[in-house]
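Chemist: build me a model:
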Amino acid sequence: MQNVTDIFKVQELKKRILFVMGALAIYRLGAIIPIPGINTAALQALFNNSSNSILGFLNIFSGGALGRFSIFSLGVMPYINASIIMSLVQGAHVFPALDRLQKEGESGRRKIIQFTRYFTLFLAFFQSLGLTMALTHMTGNGPSLVSNPSASFYFTTVLTLTTGTVFVMWLGEQMTERGIGNGISLIIFAGIVDGFPGAISKMINLVQVEEVSLITALFLLCVIILVTAFVIWVETAQRKIQVQYAQRMQGRRPTGGASTFLPLKVDQSGVIAVIFAISLLSVPYTIGSFNPTAPWAQSLMNMMNHTSIWYNLVYILLIIFFCYFYNSVSINPKDLADNMKKWGGFIPGIRPGEPTAHHIEWVLNRITFAGALFVCAIAVLPDFLRAKYNVPFYFGGTSLLIVVGVALDTIAQTEAHLVMRNYEGFYKNSKVKGRWFNVGQ
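Modeler: A predicted model of the protein is given here:
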């Protein structure tokens, strides 16, 4: 508790945390404000229908906003899709103009962010139009979802959904700049965590009416705790590459000669690969929503159901791809090797320069593959177990990876603020910290 109270002793950190809490409160308020003209009872029946599990899956990542068809129903998915496409275009060097902007430093980066915002606006309009058209064609267990599907309803709904997405994008950017952690990830985090109390309450009710035995409930609780601990263990694992610095003379005094290590995380991409994969998987549903009654649209939605084999296969391939793609963007082995050579550093047994770069790339590819397989297993297996053994609430590995990853990142940034201002952080014992965080050597 002393460590927690230290947070509020640092005035700047206190303001940042309060700003994040206020922004999340605004987001959660917007997630429960429904758009007029929707039959909420029929909409709820549609989302409770097991045959529409893809809708329930997307609803989880919108924090229940899609199930209420609120003003924030699209959430941050259009922004993430726009960011993915812009990153892929830059990585493939399709447009020379973007390559020139990348080399301009901060000013070029700001222009690329502005282009991403414009692209987000276009995707938000496209997805909101598809979602609105889907609602007018779908039916729940009873009456129509839309009471009066007129041109006025289309205009108001599309405008509201598009504006809501732009506002959520702006809110996430403000949280990143003025708060703690990544704003977009925190918004997704808040949407997922919002469903936890309801899941716990549902489980307690099922135990009380004896639909689920107490032993089964305790077993599920143990499984959740063990899986969560395993995710934390791997998400914080590192592969240490030993680096030795040669001794040099500065004046009459020898300097250097120290031995350190280059830490490479096993899962370098964290939650980014998972979020990117989910965002791309929502695209086929958006395309099919323009004419959901058509046979091709129904086949596409059935194929992309998150319990189907094809969906999970594509999901696994996307996760592996984005794990490698993120590492290629964030880590440049050649730059690392050049910097080590510049300061007199070398990896024992490896010659400086190009051989060092090849060695770092070789190690990075190996641990990235292992980390990607781990992420795939955690993302897919809990969903399979839920479908196989009829777990009475949603316990998805994807949600777990996002929650754990965002929580660890936020705690790490808070720790950095505390240590920088000479406060004792959350990790008191460096020996314990080393055992917990420097695994996977």
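Chemist: how is the chain divided into domains?
Modeler: Using automatic domain parsing, the domains assigned to the chain come out as 1-194, 195-441.
Chemist: could I get those domains as TSV with mean pLDDT and mean neighbour count?
Modeler: All C-beta spots, glycine's among them, are computed from the backbone N, C-alpha and C. Shown next, in TSV, are the domains of the chain (pLDDT from 0 to 100; neighbours: other Cβ atoms under 10 Å):
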stretch	mean pLDDT	mean neighbour count
domain 1-194	80	17
domain 195-441	76	16
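Chemist: can you give me the strands for the stretch 1-150 of the chain?
Modeler: With strands called from DSSP state E, counting those that start in this stretch, the stretch 1-150 of the chain shows none.
Chemist: quick check: residue 242 is in a helix.
Modeler: No - assigned with DSSP: H, G, I helix; E, B strand; the rest coil, residue 242 falls outside any helix and is strand.
Chemist: element containing residue 233, please.
Modeler: helix 214-235 (DSSP states H and E).
Chemist: gap between residue 34 and residue 40?
Modeler: Separation of residue 34 from residue 40 (Cβ to Cβ, to the nearest Å) stands at 6 Å.
Chemist: same for the helix holding residue 233, what does it pack against?
Modeler: helix 196-208, helix 354-389, helix 397-420 (3 or more Cβ pairs under 8 Å, 6 or more residues apart in numbering; DSSP states H and E).
Chemist: run the chain-centre distance for it.
Modeler: Centre-to-centre, helix 214-235 and its host chain are 21 Å apart (Cα atoms, centre = their mean, to the nearest Å).
Chemist: what do you get for stretch 195-209?
Modeler: How far stretch 195-209 lies from its chain's middle: 26 Å, per Cα atoms, centre = their mean.
Chemist: before we move on, the earlier item: can you list residues touching both of residue 34 and residue 40?
Modeler: 68-69 (Cβ atoms under 8 Å, 6 or more residues apart in numbering).
Chemist: surely residue 98 is in contact with residue 90?
Modeler: Yes - the criterion here is Cβ atoms under 8 Å, and residue 98 meets it with residue 90 at 5.4 Å.
Chemist: dump the helices and strands packed on helix 214-235 to JSON lines, plus distance to residue 214.
Modeler: Converted to JSON lines, those look like this (distance: least, Cβ to Cβ, whole Å):
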{"stretch": "helix 196-208", "distance to residue 214": "6"}
{"stretch": "helix 354-389", "distance to residue 214": "17"}
{"stretch": "helix 397-420", "distance to residue 214": "24"}
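Chemist: tell me which of these sits nearest to residue 266.
Modeler: Checking the helices and strands packed on helix 214-235 against residue 266 by Cβ to Cβ gives helix 354-389 as the closest, at 4.4 Å.
Chemist: show me what that closest one is packed up against.
Modeler: In terms of contacts (3+ Cβ pairs under 8 Å, 6+ apart), helix 354-389 is packed against helix 214-235, strand 238-245, strand 259-265, helix 272-288, helix 309-330, helix 333-342, helix 397-420.
Chemist: next up, the contacts around the closest residue to residue 273 other than its chain neighbours.
Modeler: Counting by Cβ to Cβ, 6 or more residues apart in numbering, residue 273 lies nearest to residue 322, which is 3.8 Å off, once chain neighbours are set aside. Residues in contact with residue 322 (Cβ under 8 Å, 6+ apart) are 269, 272-273, 276-277.
Chemist: dump these to a markdown table, plus distance to residue 344.
Modeler: Below are the contacts of residue 322 laid out as a markdown table (distance: Cβ to Cβ, whole Å):
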| residue | distance to residue 344 |
| --- | --- |
| 269 | 31 |
| 272 | 34 |
| 273 | 35 |
| 276 | 39 |
| 277 | 41 |
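Chemist: between those residues, which is nearest residue 200?
Modeler: Using Cβ to Cβ, residue 277 comes nearest to residue 200 of these, at 27.6 Å.
Chemist: who touches the closest one in this structure?
Modeler: So residue 277 contacts 315, 318-319, 322 (Cβ under 8 Å, 6+ apart).
Chemist: mind running it again at 10 Å?
Modeler: Taking Cβ atoms under 10 Å, 6 or more residues apart in numbering, we find residue 277 in contact with 84, 314-323, 375-376, 379, 398.
Chemist: which parts of the stretch 1-150 of the chain are helices?
Modeler: In the stretch 1-150 of the chain, the helices defined using DSSP state H, counting those that start in this stretch lie at 2-7, 11-30, 40-48, 53-61, 65-68, 77-92, 96-102, 106-137.
Chemist: who wins for proximity to residue 172 among these?
Modeler: So among these, helix 77-92 is nearest, using Cβ to Cβ, at 7.3 Å.
Chemist: on contacts alone, who are the packing partners of that closest one?
Modeler: helix 96-102, helix 106-137, helix 151-178, helix 183-193, helix 272-288, helix 309-330 (3 or more Cβ pairs under 10 Å, 6 or more residues apart in numbering; DSSP states H and E).
Chemist: for the ones you listed, give me TSV that also has distance to residue 236.
Modeler: Shown next, in TSV, are the helices and strands packed on helix 77-92 (distance: least, Cβ to Cβ, whole Å):
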stretch	distance to residue 236
helix 96-102	31
helix 106-137	29
helix 151-178	22
helix 183-193	17
helix 272-288	16
helix 309-330	16
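Chemist: do you know which of those lies nearest residue 261?
Modeler: helix 309-330 (18.4 Å).
Chemist: how far off centre is the closest one?
Modeler: 13 Å.
Chemist: how about stretch 68-85?
Modeler: So, by Cα atoms, centre = their mean, the centroid of stretch 68-85 is 13 Å from its chain's centroid.
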